[in-house]
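Participant: Turn this into a structure:
(2 chains)
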Amino acid sequence: MTVREDRLKDFLVRGLAGDGAAYHRFLGELSGHLRAFLRRRLARMPDDVEDVVQETLLAVHNQRHTFDAAQPLTAWVHAIARYKLVDFLRRRSRRDLLTEPLDDELEVLSSADADAAEARRDLARLLETLPERQRMPIVYVKVQGLSVIEAARLTGMSASAVKVAVHRGLKALAAKIRDAG
Amino acid sequence: MKTDQLVTLLATGVEPVDPRAPVRRCAAAVAAGVLVAAVLMAAWLGVRASLVQDVAVPMLWVKFAFVASLAAGGWIAATRLARPGASLAGVPAALLAPLLAMWVLAAVALVGADASQRATLVLGQTWNACPLNIAVLSAPVFAAAMWGMRGFAPTRPALAGAAAGLFAGAAGAVVYAFHCPELAAPFLGTWYVLGMLVPTALGAILGPLVLRW
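Facilitator: Residues are numbered from 1 along each chain as shown, chains lettered A, B, ... in the order given. Next up, the predicted model:
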């Protein structure tokens, strides 16, 4: 448990410092933990698990600046996963289907599940509904892997405007998921 | 999109994150809010002329310590509630200690006073203006604190809104204390508390509406 916590936290801390490879490993391993955690909680809605996994990953990414390295990673991840799960259940108005209590935060990193099902909601399609000013920077920087400078040249925006557009666009994506239900 | 693709998308082209940036932004907004409240107080109510003579009165310092410590407690509560999973250990005690201390002082003052004086100790000269003035002065800080909170990820939005509101209310009370002539503990423990509770309640109501993420 603590070994896993320390390992994952190390990846995240390096990711926050700008190490993309470490951040990729963090999110990759985290998605397995989130899947196992959510699959237990959504036992009667197995088809929705992957959607909530993706929504939680997006939330973890969008809120990564709120991680305090002095705090345990487990508590932070659990609070985000729980918040997104409750939000999802509220949207579905199916709180009564919750099969297990949500309060055992130590469980969130204790198991992993690499067997990803198909997500029902297609984030790629949702991405296409973003306004052009946010969508193109995301496509260039996050999908095609171009540098911010290249994306700035292609869009005619300044480099800092590209960064802001990527950030705002991913937050807008989370808002679309939230509002669409 | 498959989850692996999402992970790759999110991890591609990541920039270093400065974890202090949102705190700095929030602190700057709140400082601006306090400044607006101070200008508002000076223009609308005026700094009390006898404030300089009262610096020798211990109760003036007790009054400032009371509202300042509640502002500090509210700030700590808000910054903890702004981050998912942050521990709230010590926060209730930090908020209750100044309140209980003021209420003990109030009880001592009331018990020691003549029966005929007790109503005056509680009502002072300005009881009917005090809560509203504090609530009005807290408004610019409230707006700044709620805006700042939106830059974070509160998982308990009603509590987070209440904490931001309590901070704003206590900051408004600090500003109001430069105008207010009242020094009696029973007054402070009643009307100041009521005034600070207005933005606290407003924050608890608005939190779930405006702090979603």
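Participant: give me every residue that touches the most centrally placed residue in chain B.
Facilitator: The geometric centre of chain B, computed from its C-alpha atoms, lies nearest to B:Phe167 (C-alpha atoms, centre = their mean), at 2.1 Å. B:Phe167 makes contact with B:Val30, B:Ala71, B:Gly74, B:Trp75, B:Ala77, B:Ala78, B:Val141, B:Ala145, according to C-beta atoms under 8 Å, 6 or more residues apart in numbering or on different chains. In short, each C-beta sits where N, CA and C put it, glycine included.
Participant: Looking at A:Trp102 now. What's its pLDDT?
Facilitator: I think there's a mix-up here, since residue A:102 is Leu and not Trp. A:Leu102 carries a pLDDT value of 67.
Participant: for A:Glu107, same thing?
Facilitator: Per-residue pLDDT puts A:Glu107 at 73.
Participant: likewise B:Ala56?
Facilitator: We note a pLDDT of 89 for B:Ala56 in this prediction.
Participant: Give me the distance between the closest residue to B:Glu182 other than its chain neighbours and chain A.
Facilitator: Once flanking residues are discounted, B:Glu182 sits nearest to B:Gly124: 4.3 Å by C-beta to C-beta, 6 or more residues apart in numbering or on different chains. According to C-beta to the nearest C-beta, to the nearest Å, B:Gly124 stands 43 Å off from chain A.
Participant: so what are the domain limits for chain A?
Facilitator: Chain A breaks down into these domains under automatic domain parsing: A:1-120, A:122-181.
Participant: which outside residues touch whichever strand or helix holds B:Ala119?
Facilitator: Secondary structure assigned from DSSP states H and E places B:Ala119 in helix B:115-123. By C-beta under 8 Å, 6+ apart, the residues outside helix B:115-123 that reach it are B:Ala109, B:Leu110, B:Ala113, B:Ala184, B:Ala185, B:Pro186, B:Phe187, B:Thr190.
Participant: Which pair of the residues you listed spans the longest distance?
Facilitator: The largest separation in these, counting by C-beta to C-beta, is between B:Ala113 and B:Thr190 at 14.7 Å.
Participant: of these two, who's got more company?
Facilitator: B:Thr190 (21 against 15; other C-beta atoms under 10 Å in any protein chain shown).
Participant: Name the nearest residue to that one, ignoring sequence neighbours.
Facilitator: B:Val122 (6.0 Å).
Participant: Around the one you found, count how many other residues there are.
Facilitator: Per other C-beta under 10 Å, the neighbour tally for B:Val122 reads 18.
Participant: From chain A, how far out is it?
Facilitator: On the measure of C-beta to the nearest C-beta, B:Val122 and chain A end up 43 Å apart.
Participant: give me every residue that touches the residue nearest to B:Glu182.
Facilitator: By C-beta under 8 Å, 6+ apart, B:Gly124 lies in contact with B:Cys130, B:Pro181, B:Glu182, B:Ala184, B:Phe187, B:Trp191.
Participant: For it, give its distance to B:Phe178.
Facilitator: 16 Å (C-beta to C-beta, to the nearest Å).
Participant: Next, the buried residues of stretch B:58-74.
Facilitator: Residues B:Met59, B:Val62, B:Lys63, B:Phe66, B:Val67, B:Ala68, B:Ser69, B:Leu70, B:Ala71, B:Gly73, B:Gly74 are the ones in stretch B:58-74 that count as buried (16 or more other C-beta atoms under 10 Å in any protein chain shown).
Participant: Just to be sure, which of those residues are found in helices?
Facilitator: When the buried residues of stretch B:58-74 are checked against helices (DSSP state H), the matches are B:Met59, B:Val62, B:Lys63, B:Phe66, B:Val67, B:Ala68, B:Ser69, B:Leu70, B:Ala71, B:Gly73, B:Gly74.
Participant: Show residues contacting stretch B:96-109.
Facilitator: Here stretch B:96-109 has contacts from B:62, B:65-66, B:69-70, B:73, B:121, B:184-186, B:188-190, B:193, using C-beta under 8 Å, 6+ apart.
Participant: quick check, nearest of these to chain A?
Facilitator: Using C-beta to the nearest C-beta, B:Gly73 is the member of the contacts of stretch B:96-109 that lies nearest chain A, at 19.2 Å.
Participant: My read is that that closest one contacts B:Gly90, right?
Facilitator: No - using C-beta atoms under 8 Å, B:Gly73 makes no contact with B:Gly90, being 9.6 Å away.
Participant: tell me which parts of chain B are close to chain A?
Facilitator: Near chain A, the residues belonging to chain B are B:1-19, B:21-22, B:82-87, B:152-153, B:155, B:212-213 when assessed by C-beta under 8 Å from any C-beta of the partner chain.
Participant: Out of these, which end up buried?
Facilitator: Buried by 16+ other C-beta under 10 Å: B:1-3, B:6-14, B:17, B:22, B:82-86, B:152-153, B:155, B:213, out of the residues of chain B next to chain A.
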